[in-house]
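>>> show me how the following folds:
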Amino acid sequence: MSASLLDAGAVIGCPHGGRVTAATTPTGAVFSDGVPVATAAHSYVVTGCPHTVDGVPMPCVSVRWTADSTGVTVDGAPVLLDTSAAQCFTAALMPQGPPVVQAAQRKVTVR
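Numbering: from 1, shown residues only. A predicted model of the protein is given here:
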């Protein structure tokens, strides 16, 4: 099975159209197209989620990733792939569904 490496510039959204971004900037010596590779050690937040339940706002606010067991790590943390399992959560930690990842093949370099 083929998968693409995610980096800090990956386009990721919640299942309701909110935008997922890294709350902490990925660091390390591995870059993809000039931006750091994303790992499971970083925090991810959701902004702009319009989700409501019975008229009550229930937006996605965070994402938790479960990195694939590829054995590939950056600074000891597993890298994230477009096939890595993840779940979006509300502020009350209610699961909202998996994020949507727009995959793109990227060239990886080590510095």
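
>>> what about the helices in the chain?
Counting by DSSP state H, the chain has no helices at all.

>>> please, where are all the strands along it?
Taking DSSP state E, the strands of the chain run over residues 11-13, 19-22, 30-32, 35-36, 44-47, 52-53, 56-57, 62-66, 73-74, 77-78, 85-89, 95-97, 100-102, 108-110.

>>> okay, these in CSV with mean neighbour count next?
Backbone N, C-alpha and C define where each C-beta goes, glycine included. Shown next, in CSV, are the strands of the chain (neighbours: other CB atoms under 10 Å):
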stretch, mean neighbour count
strand 11-13, 17
strand 19-22, 18
strand 30-32, 20
strand 35-36, 16
strand 44-47, 18
strand 52-53, 10
strand 56-57, 8
strand 62-66, 18
strand 73-74, 19
strand 77-78, 18
strand 85-89, 18
strand 95-97, 16
strand 100-102, 15
strand 108-110, 11
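
>>> how long is stretch 93-100 end to end?
Here the two ends of stretch 93-100 are set 19 Å apart, with distance taken as CA to CA, to the nearest Å.

>>> what of stretch 62-78?
Stretch 62-78 end-to-end distance (CA to CA) = 19 Å.

>>> could you do stretch 22-41 as well?
10 Å.

>>> for it, which residues meet the burial criterion?
Using 16 or more other CB atoms under 10 Å as the test for burial, stretch 22-41 gives 22, 26, 28, 30, 31, 32, 36, 37, 38, 39, 40, 41.

>>> now the two most distant members of the residues you listed.
Farthest pair in the buried residues of stretch 22-41 (CB to CB) is 31 and 40. Separation: 17.7 Å.
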